[in-house]
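In: Structure here, sequence nowhere to be found:
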DNA sequence: AAATTATCTGAACACCCGTTCACCTCAAGC
DNA sequence: GCTTGAGGTGAACGGGTGTTCAGATAATTT
(Lines give C-alpha, C1' and ligand atoms only; values in the text may rest on other atoms or scores of the structure.)
Protein backbone atom coordinates (compact mmCIF):
# COMPACT_ATOMS: atom_id res chain seq x y z
CA UNK A 1 0.00 0.00 0.00
CA UNK A 2 1.00 3.59 -0.35
CA UNK A 3 -0.88 6.82 -0.85
CA UNK A 4 -4.55 6.49 0.21
CA UNK A 5 -7.29 8.07 -1.84
CA UNK A 6 -8.17 11.64 -1.09
CA UNK A 7 -5.33 12.30 1.34
CA UNK A 8 -3.73 15.72 1.29
CA UNK A 9 -0.89 17.17 3.26
CA UNK A 10 -3.25 19.70 4.82
CA UNK A 11 -5.68 17.14 6.17
CA UNK A 12 -3.12 14.66 7.45
CA UNK A 13 -1.13 17.47 9.06
CA UNK A 14 -4.15 18.68 10.99
CA UNK A 15 -5.01 15.16 12.11
CA UNK A 16 -1.48 14.64 13.33
CA UNK A 17 -1.55 17.95 15.20
CA UNK A 18 -4.85 17.09 16.83
CA UNK A 19 -3.69 13.63 17.86
CA UNK A 20 -0.42 14.94 19.24
CA UNK A 21 -2.11 17.73 21.19
CA UNK A 22 -4.52 15.31 22.78
CA UNK A 23 -1.88 12.73 23.67
CA UNK A 24 0.74 15.20 24.89
CA UNK A 25 -1.79 16.88 27.16
CA UNK A 26 -3.01 13.58 28.56
CA UNK A 27 0.24 11.72 29.10
CA UNK A 28 3.03 14.23 28.69
CA UNK A 29 5.44 14.86 25.84
CA UNK A 30 8.04 12.30 26.87
CA UNK A 31 5.52 9.58 27.57
CA UNK A 32 3.98 9.67 24.10
CA UNK A 33 5.65 7.90 21.18
CA UNK A 34 5.67 8.95 17.57
CA UNK A 35 3.93 5.67 16.76
CA UNK A 36 1.08 6.48 19.14
CA UNK A 37 0.61 9.89 17.55
CA UNK A 38 0.65 8.38 14.07
CA UNK A 39 -1.87 5.74 15.11
CA UNK A 40 -4.09 8.47 16.57
CA UNK A 41 -4.18 10.06 13.13
CA UNK A 42 -4.63 6.73 11.32
CA UNK A 43 -1.22 6.78 9.72
CA UNK A 44 2.20 5.12 9.97
CA UNK A 45 5.04 6.59 12.02
CA UNK A 46 7.16 7.47 9.03
CA UNK A 47 4.49 9.86 7.79
CA UNK A 48 5.17 12.17 10.73
CA UNK A 49 8.51 13.09 9.22
CA UNK A 50 6.89 14.39 6.07
CA UNK A 51 5.15 17.01 8.20
CA UNK A 52 7.56 17.73 11.03
CA UNK A 53 11.32 17.64 11.25
CA UNK A 54 11.31 15.71 14.51
CA UNK A 55 9.38 15.24 17.75
CA UNK A 56 10.40 18.56 19.25
CA UNK A 57 9.42 20.37 16.08
CA UNK A 58 5.94 18.90 16.42
CA UNK A 59 5.64 20.16 19.99
CA UNK A 60 6.98 23.56 18.99
CA UNK A 61 4.44 23.80 16.19
CA UNK A 62 1.62 23.19 18.65
CA UNK A 63 2.87 25.71 21.19
CA UNK A 64 3.66 28.42 18.68
CA UNK A 65 0.36 28.21 16.86
CA UNK A 66 -1.52 28.23 20.15
CA UNK A 67 0.25 31.35 21.40
CA UNK A 68 -0.10 33.14 18.08
CA UNK A 69 -3.79 32.32 17.87
CA UNK A 70 -4.26 33.53 21.43
CA UNK A 71 -2.63 36.88 20.78
CA UNK A 72 -4.38 37.32 17.44
CA UNK A 73 -7.75 36.58 19.04
CA UNK A 74 -7.22 39.19 21.73
CA UNK A 75 -5.90 41.82 19.36
CA UNK A 76 -8.70 41.09 16.91
CA UNK A 77 -11.60 41.85 19.19
CA UNK A 78 -13.03 45.24 19.95
CA UNK A 79 -11.87 46.56 23.30
CA UNK A 80 -14.17 48.49 25.58
CA UNK A 81 -13.14 51.87 26.89
CA UNK A 82 -11.75 52.35 30.38
CA UNK A 83 -9.36 50.18 32.41
CA UNK A 84 -12.01 48.53 34.55
CA UNK A 85 -14.08 47.33 31.59
CA UNK A 86 -10.95 46.27 29.77
CA UNK A 87 -9.80 44.24 32.73
CA UNK A 88 -13.19 42.60 32.96
CA UNK A 89 -12.95 41.85 29.25
CA UNK A 90 -9.52 40.30 29.71
CA UNK A 91 -10.65 38.04 32.54
CA UNK A 92 -13.59 36.82 30.47
CA UNK A 93 -11.46 36.38 27.39
CA UNK A 94 -8.76 34.44 29.19
CA UNK A 95 -11.21 32.15 30.98
CA UNK A 96 -13.06 31.54 27.72
CA UNK A 97 -9.86 30.63 25.91
CA UNK A 98 -8.86 28.27 28.70
CA UNK A 99 -12.27 26.67 28.51
CA UNK A 100 -12.12 26.15 24.75
CA UNK A 101 -8.50 25.05 24.48
CA UNK A 102 -7.64 23.23 27.70
CA UNK A 103 -5.11 20.89 26.11
CA UNK A 104 -3.17 23.64 24.37
CA UNK A 105 -3.15 25.80 27.49
CA UNK A 106 -1.95 22.91 29.59
CA UNK A 107 0.80 22.08 27.12
CA UNK A 108 2.03 25.62 26.82
CA UNK A 109 2.61 25.78 30.56
CA UNK A 110 3.89 22.26 31.12
CA UNK A 111 6.01 21.14 28.23
CA UNK A 112 8.20 24.15 27.62
CA UNK A 113 11.13 22.31 29.13
CA UNK A 114 11.13 19.88 26.23
CA UNK A 115 12.07 22.62 23.78
CA UNK A 116 15.62 23.48 22.86
CA UNK A 117 16.90 26.93 23.89
CA UNK A 118 15.98 28.67 20.63
CA UNK A 119 12.42 27.33 20.46
CA UNK A 120 12.00 27.89 24.19
CA UNK A 121 12.95 31.52 23.79
CA UNK A 122 10.44 32.03 20.98
CA UNK A 123 7.54 30.66 23.01
CA UNK A 124 8.58 32.60 26.09
CA UNK A 125 8.65 35.72 24.00
CA UNK A 126 5.12 35.11 22.74
CA UNK A 127 3.95 34.51 26.26
CA UNK A 128 5.48 37.75 27.40
CA UNK A 129 3.75 39.51 24.54
CA UNK A 130 0.42 38.21 25.75
CA UNK A 131 1.10 39.06 29.39
CA UNK A 132 2.07 42.56 28.33
CA UNK A 133 -1.49 43.09 27.16
CA UNK A 134 -2.69 42.58 30.72
CA UNK A 135 0.13 44.65 32.16
CA UNK A 136 -0.84 47.50 29.87
CA UNK A 137 -4.41 47.46 31.17
CA UNK A 138 -3.20 47.50 34.77
CA UNK A 139 -0.76 50.32 34.10
CA UNK A 140 -3.46 52.30 32.38
CA UNK A 141 -5.76 51.80 35.34
CA UNK A 142 -3.03 52.73 37.75
CA UNK A 143 -2.43 55.98 35.87
CA UNK A 144 -6.16 56.71 35.91
CA UNK A 145 -6.35 56.07 39.64
CA UNK A 146 -8.77 53.18 39.17
CA UNK A 147 -6.28 50.49 40.19
CA UNK A 148 -3.62 50.47 42.86
CA UNK A 149 -1.37 47.47 42.45
CA UNK A 150 1.95 47.81 44.26
CA UNK A 151 3.64 46.19 41.27
CA UNK A 152 2.10 45.85 37.82
CA UNK A 153 4.24 42.88 36.76
CA UNK A 154 3.46 40.92 39.90
CA UNK A 155 -0.23 41.67 39.61
CA UNK A 156 -0.07 40.42 36.02
CA UNK A 157 1.51 37.14 37.05
CA UNK A 158 -0.84 36.75 39.99
CA UNK A 159 -3.95 37.28 37.90
CA UNK A 160 -2.87 34.91 35.14
CA UNK A 161 -1.87 32.19 37.59
CA UNK A 162 -5.18 32.58 39.38
CA UNK A 163 -7.20 32.32 36.16
CA UNK A 164 -5.18 29.40 34.81
CA UNK A 165 -5.82 27.55 38.06
CA UNK A 166 -9.48 27.16 37.10
CA UNK A 167 -8.59 24.58 34.46
CA UNK A 168 -7.05 22.28 37.08
CA UNK A 169 -10.22 21.81 39.07
CA UNK A 170 -13.26 22.89 37.04
CA UNK A 171 -15.44 20.04 35.81
CA UNK A 172 -18.49 20.46 33.64
CA UNK A 173 -21.70 19.77 35.47
CA UNK A 174 -20.22 20.58 38.87
CA UNK A 175 -21.50 22.82 41.63
CA UNK A 176 -21.04 26.04 39.66
CA UNK A 177 -21.59 27.05 36.05
CA UNK A 178 -18.82 28.57 33.97
CA UNK A 179 -20.57 31.91 34.05
CA UNK A 180 -20.80 31.90 37.84
CA UNK A 181 -17.13 30.96 38.16
CA UNK A 182 -16.27 33.77 35.80
CA UNK A 183 -18.23 36.28 37.85
CA UNK A 184 -16.63 35.20 41.10
CA UNK A 185 -13.13 35.30 39.69
CA UNK A 186 -13.79 38.67 38.15
CA UNK A 187 -14.84 39.91 41.56
CA UNK A 188 -11.66 38.67 43.21
CA UNK A 189 -9.45 40.08 40.48
CA UNK A 190 -11.14 43.46 40.67
CA UNK A 191 -10.79 43.68 44.42
CA UNK A 192 -7.19 42.51 44.33
CA UNK A 193 -6.13 45.48 42.22
CA UNK A 194 -8.79 47.97 43.28
CA UNK A 195 -7.65 51.43 44.32
CA UNK A 196 -10.44 51.77 46.86
CA UNK A 197 -9.45 48.74 48.88
CA UNK A 198 -6.21 50.14 50.24
CA UNK A 199 -3.29 52.32 49.22
CA UNK B 1 32.32 -5.73 43.49
CA UNK B 2 29.31 -5.70 45.74
CA UNK B 3 28.47 -3.93 48.98
CA UNK B 4 30.52 -0.73 49.46
CA UNK B 5 31.93 0.20 52.86
CA UNK B 6 29.68 2.12 55.18
CA UNK B 7 26.55 1.97 53.10
CA UNK B 8 23.23 1.66 54.86
CA UNK B 9 19.72 1.40 53.53
CA UNK B 10 18.84 4.71 55.16
CA UNK B 11 21.58 6.68 53.46
CA UNK B 12 21.20 5.14 50.00
CA UNK B 13 17.43 5.53 50.16
CA UNK B 14 17.74 9.24 50.86
CA UNK B 15 20.27 9.72 48.09
CA UNK B 16 17.98 7.96 45.65
CA UNK B 17 15.04 10.09 46.74
CA UNK B 18 17.06 13.26 46.35
CA UNK B 19 18.34 12.29 42.91
CA UNK B 20 14.89 11.27 41.72
CA UNK B 21 13.27 14.46 43.02
CA UNK B 22 15.83 16.61 41.25
CA UNK B 23 15.65 14.73 37.96
CA UNK B 24 11.86 14.35 37.89
CA UNK B 25 11.42 18.06 38.55
CA UNK B 26 13.91 19.03 35.85
CA UNK B 27 12.97 16.68 33.04
CA UNK B 28 9.68 15.09 33.99
CA UNK B 29 8.82 11.64 35.30
CA UNK B 30 8.59 9.89 31.95
CA UNK B 31 11.77 11.45 30.60
CA UNK B 32 13.97 10.21 33.42
CA UNK B 33 15.27 6.64 33.43
CA UNK B 34 15.91 4.44 36.43
CA UNK B 35 19.54 4.30 35.36
CA UNK B 36 19.84 8.08 35.48
CA UNK B 37 18.38 8.17 38.97
CA UNK B 38 20.70 5.42 40.13
CA UNK B 39 23.68 7.21 38.61
CA UNK B 40 22.63 10.41 40.38
CA UNK B 41 22.89 8.55 43.68
CA UNK B 42 26.14 6.81 42.74
CA UNK B 43 24.61 3.37 42.50
CA UNK B 44 23.52 0.78 39.92
CA UNK B 45 19.98 0.54 38.55
CA UNK B 46 19.23 -2.75 40.27
CA UNK B 47 19.69 -1.12 43.68
CA UNK B 48 16.58 0.99 43.15
CA UNK B 49 14.45 -2.13 43.49
CA UNK B 50 15.75 -2.81 46.97
CA UNK B 51 14.20 0.48 48.05
CA UNK B 52 11.14 0.91 45.85
CA UNK B 53 8.78 -1.58 44.25
CA UNK B 54 8.90 0.16 40.87
CA UNK B 55 9.17 3.56 39.22
CA UNK B 56 5.70 4.70 40.17
CA UNK B 57 6.27 3.68 43.77
CA UNK B 58 9.30 5.96 43.85
CA UNK B 59 7.25 8.89 42.56
CA UNK B 60 4.47 8.13 45.00
CA UNK B 61 6.94 8.06 47.88
CA UNK B 62 8.18 11.54 46.95
CA UNK B 63 4.71 13.02 46.59
CA UNK B 64 3.29 11.44 49.73
CA UNK B 65 6.17 12.46 51.97
CA UNK B 66 6.06 15.99 50.59
CA UNK B 67 2.36 16.40 51.26
CA UNK B 68 2.59 14.85 54.70
CA UNK B 69 5.52 17.06 55.66
CA UNK B 70 3.63 20.09 54.39
CA UNK B 71 0.55 19.37 56.47
CA UNK B 72 2.59 18.44 59.54
CA UNK B 73 4.59 21.65 59.28
CA UNK B 74 1.43 23.79 59.14
CA UNK B 75 -0.30 21.92 61.94
CA UNK B 76 2.85 22.02 64.04
CA UNK B 77 3.25 25.76 64.17
CA UNK B 78 1.53 28.13 66.56
CA UNK B 79 -1.36 29.92 64.89
CA UNK B 80 -2.12 33.54 65.60
CA UNK B 81 -5.59 34.57 66.67
CA UNK B 82 -8.07 36.09 64.25
CA UNK B 83 -8.82 35.26 60.62
CA UNK B 84 -6.84 38.12 59.14
CA UNK B 85 -3.62 37.24 60.96
CA UNK B 86 -4.16 33.58 60.25
CA UNK B 87 -4.56 34.27 56.55
CA UNK B 88 -1.41 36.37 56.57
CA UNK B 89 0.34 33.49 58.32
CA UNK B 90 -0.89 31.04 55.71
CA UNK B 91 0.31 33.16 52.82
CA UNK B 92 3.76 33.49 54.38
CA UNK B 93 3.89 29.81 55.24
CA UNK B 94 2.89 28.69 51.78
CA UNK B 95 5.30 31.00 50.00
CA UNK B 96 8.09 29.92 52.35
CA UNK B 97 7.42 26.25 51.68
CA UNK B 98 7.38 26.85 47.93
CA UNK B 99 10.67 28.68 48.23
CA UNK B 100 12.34 25.89 50.22
CA UNK B 101 10.96 22.93 48.29
CA UNK B 102 10.47 24.06 44.69
CA UNK B 103 11.11 20.64 43.17
CA UNK B 104 8.67 18.81 45.42
CA UNK B 105 6.00 21.47 44.91
CA UNK B 106 6.44 21.32 41.17
CA UNK B 107 6.25 17.53 41.14
CA UNK B 108 3.15 17.37 43.29
CA UNK B 109 1.28 19.55 40.81
CA UNK B 110 2.70 18.15 37.60
CA UNK B 111 3.25 14.45 37.88
CA UNK B 112 0.06 13.26 39.48
CA UNK B 113 -1.06 11.78 36.19
CA UNK B 114 1.72 9.21 36.38
CA UNK B 115 0.17 7.60 39.45
CA UNK B 116 -2.28 4.73 39.31
CA UNK B 117 -5.83 5.41 40.52
CA UNK B 118 -5.23 4.30 44.12
CA UNK B 119 -2.06 6.31 44.62
CA UNK B 120 -3.59 9.26 42.80
CA UNK B 121 -6.53 9.25 45.17
CA UNK B 122 -4.25 9.24 48.22
CA UNK B 123 -2.29 12.26 47.08
CA UNK B 124 -5.42 14.11 46.06
CA UNK B 125 -6.84 13.44 49.49
CA UNK B 126 -3.75 14.87 51.16
CA UNK B 127 -3.92 17.93 48.96
CA UNK B 128 -7.55 18.46 49.85
CA UNK B 129 -6.62 18.17 53.52
CA UNK B 130 -4.12 20.95 53.09
CA UNK B 131 -6.47 23.16 51.11
CA UNK B 132 -9.11 22.66 53.78
CA UNK B 133 -6.82 24.49 56.22
CA UNK B 134 -7.06 27.57 54.07
CA UNK B 135 -10.78 27.14 53.49
CA UNK B 136 -11.30 26.98 57.25
CA UNK B 137 -9.54 30.30 57.70
CA UNK B 138 -11.64 31.91 55.00
CA UNK B 139 -14.87 30.49 56.43
CA UNK B 140 -13.93 31.70 59.88
CA UNK B 141 -13.27 35.18 58.52
CA UNK B 142 -16.49 35.15 56.59
CA UNK B 143 -18.42 34.30 59.76
CA UNK B 144 -16.62 37.07 61.62
CA UNK B 145 -17.44 39.57 58.88
CA UNK B 146 -13.78 40.19 58.12
CA UNK B 147 -13.86 38.49 54.73
CA UNK B 148 -16.48 38.43 52.03
CA UNK B 149 -15.64 35.84 49.43
CA UNK B 150 -18.60 34.86 47.28
CA UNK B 151 -17.41 31.26 47.46
CA UNK B 152 -14.94 29.87 49.97
CA UNK B 153 -13.80 26.95 47.85
CA UNK B 154 -13.14 29.11 44.81
CA UNK B 155 -11.27 31.65 46.88
CA UNK B 156 -9.16 28.79 48.25
CA UNK B 157 -8.27 27.57 44.79
CA UNK B 158 -7.64 31.09 43.53
CA UNK B 159 -5.28 31.96 46.38
CA UNK B 160 -3.29 28.74 46.13
CA UNK B 161 -2.95 29.02 42.35
CA UNK B 162 -1.85 32.62 42.71
CA UNK B 163 0.78 31.77 45.33
CA UNK B 164 2.06 28.73 43.45
CA UNK B 165 2.52 30.90 40.41
CA UNK B 166 5.41 32.68 42.10
CA UNK B 167 7.62 29.62 41.69
CA UNK B 168 7.28 29.75 37.93
CA UNK B 169 8.83 33.17 37.51
CA UNK B 170 10.71 34.17 40.66
CA UNK B 171 14.50 34.12 40.31
CA UNK B 172 16.92 34.86 43.12
CA UNK B 173 18.70 38.16 42.68
CA UNK B 174 15.95 39.63 40.54
CA UNK B 175 14.19 42.95 40.77
CA UNK B 176 12.40 42.13 44.03
CA UNK B 177 13.37 40.32 47.22
CA UNK B 178 11.39 37.37 48.52
CA UNK B 179 10.14 39.49 51.38
CA UNK B 180 8.88 42.21 49.06
CA UNK B 181 7.13 39.66 46.84
CA UNK B 182 5.54 38.17 49.94
CA UNK B 183 4.26 41.56 51.07
CA UNK B 184 2.80 42.37 47.68
CA UNK B 185 1.08 39.03 47.33
CA UNK B 186 -0.28 39.29 50.84
CA UNK B 187 -1.74 42.64 49.90
CA UNK B 188 -3.45 41.24 46.83
CA UNK B 189 -4.80 38.23 48.69
CA UNK B 190 -6.14 40.39 51.48
CA UNK B 191 -7.92 42.72 49.12
CA UNK B 192 -9.30 39.88 47.04
CA UNK B 193 -11.22 38.46 50.00
CA UNK B 194 -11.72 41.68 51.99
CA UNK B 195 -15.21 42.45 53.25
CA UNK B 196 -14.72 46.18 52.82
CA UNK B 197 -14.04 46.02 49.10
CA UNK B 198 -17.52 45.04 48.02
CA UNK B 199 -20.44 42.91 49.10
C1' DA C 1 -1.97 8.42 -22.22
C1' DA C 2 2.44 9.19 -20.37
C1' DA C 3 5.43 11.30 -17.16
C1' DT C 4 5.98 13.49 -12.94
C1' DT C 5 5.15 14.71 -8.30
C1' DA C 6 2.91 14.32 -3.77
C1' DT C 7 1.88 11.16 -0.19
C1' DC C 8 2.31 7.17 2.55
C1' DT C 9 4.08 2.41 3.88
C1' DG C 10 6.62 -0.88 6.48
C1' DA C 11 10.82 -2.68 7.51
C1' DA C 12 15.10 -1.67 9.33
C1' DC C 13 18.74 0.96 12.33
C1' DA C 14 21.05 1.51 16.68
C1' DC C 15 19.92 2.41 21.07
C1' DC C 16 17.40 2.86 25.52
C1' DC C 17 13.64 1.27 28.65
C1' DG C 18 11.90 -0.93 33.33
C1' DT C 19 12.70 -4.88 35.72
C1' DT C 20 14.83 -9.36 37.40
C1' DC C 21 18.28 -12.23 39.39
C1' DA C 22 22.37 -15.08 40.38
C1' DC C 23 26.31 -13.69 42.52
C1' DC C 24 29.36 -11.07 45.47
C1' DT C 25 31.11 -8.43 49.54
C1' DC C 26 30.88 -6.00 53.65
C1' DA C 27 29.11 -5.50 58.58
C1' DA C 28 27.28 -7.33 62.54
C1' DG C 29 26.03 -11.25 66.05
C1' DC C 30 27.41 -15.38 68.24
C1' DG D 1 36.70 -16.07 63.94
C1' DC D 2 32.89 -17.96 61.70
C1' DT D 3 28.32 -17.51 60.13
C1' DT D 4 24.54 -14.91 58.55
C1' DG D 5 22.01 -11.58 56.10
C1' DA D 6 21.78 -6.80 54.60
C1' DG D 7 23.20 -4.11 50.65
C1' DG D 8 24.77 -3.77 45.99
C1' DT D 9 26.44 -5.42 41.25
C1' DG D 10 26.16 -6.02 36.39
C1' DA D 11 24.50 -8.67 32.91
C1' DA D 12 20.57 -10.14 30.82
C1' DC D 13 15.33 -10.09 29.27
C1' DG D 14 11.73 -8.70 26.05
C1' DG D 15 10.16 -4.86 24.20
C1' DG D 16 9.76 0.09 22.90
C1' DT D 17 12.30 4.48 21.19
C1' DG D 18 13.10 8.29 17.42
C1' DT D 19 14.38 8.32 12.91
C1' DT D 20 15.52 6.90 7.96
C1' DC D 21 14.53 5.27 3.42
C1' DA D 22 13.65 2.37 -0.68
C1' DG D 23 9.52 1.19 -2.75
C1' DA D 24 4.55 1.70 -3.92
C1' DT D 25 0.40 4.15 -5.19
C1' DA D 26 -2.71 8.23 -5.93
C1' DA D 27 -3.15 12.76 -7.87
C1' DT D 28 -1.57 16.14 -11.09
C1' DT D 29 0.63 17.93 -15.11
C1' DT D 30 1.97 17.58 -19.82
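Out: Yep, that arrived. As the structure is a prediction and not an experimental result, all values here were calculated from the model.
In: Check which residues of the host helix or strand of residue A:166 are buried.
Out: Element membership of residue A:166, judged by DSSP states H and E, is helix A:152-169. Neighbour-count burial for helix A:152-169, counted by 16 or more other C-beta atoms under 10 Å in any protein chain shown, picks out A:152-167. Heads up, the C-betas are built off the backbone N, CA and C, glycines and all.
In: Could you report the neighbour count for the residue of chain A at minimum distance from DNA strand C?
Out: Proximity of chain A to DNA strand C (C-beta to the nearest atom of the strand) peaks at residue A:46, 2.2 Å away. Per other C-beta atoms under 10 Å in any protein chain shown, the neighbour tally for residue A:46 reads 10.
In: can you tell if the helix holding residue A:166 touches chain B?
Out: Yes - residues of helix A:152-169 are located near chain B by C-beta under 8 Å from any C-beta of the partner chain, namely A:154, A:155, A:157, A:158, A:160, A:161, A:162, A:164, A:165, A:166, A:168, A:169.
In: So residue A:133 is in contact with residue A:89, correct?
Out: No - counting by C-beta atoms under 8 Å, residue A:89 is not a contact partner of residue A:133; they are 10.6 Å apart.
In: Tell me the secondary structure of residue A:171, please.
Out: Under DSSP: H, G, I helix; E, B strand; the rest coil, the three-state class of residue A:171 is coil.
In: And it, how far from chain B?
Out: Plainly put, residue A:171 is 13 Å away from chain B if you go by C-beta to the nearest C-beta, to the nearest Å.
In: residues contacting the closest residue to residue A:102 other than its chain neighbours?
Out: Nearest non-adjacent residue to residue A:102, counting by C-beta to C-beta, 6 or more residues apart in numbering or on different chains: residue A:167, 5.5 Å away. Taking C-beta atoms under 8 Å, 6 or more residues apart in numbering or on different chains, we find residue A:167 in contact with A:98, A:99, A:102, A:105, A:106.
In: Give me the buried entries from those.
Out: Judged by 16+ other C-beta under 10 Å, buried ones among the contacts of residue A:167: A:98, A:99, A:105, A:106.
In: mind listing what the last one touches?
Out: Applying C-beta under 8 Å, 6+ apart, we find residue A:106 in contact with A:25, A:167.
In: and it, how far is that from DNA strand D?
Out: Distance, residue A:106 to DNA strand D, using C-beta to the nearest atom of the strand, to the nearest Å: 19 Å.
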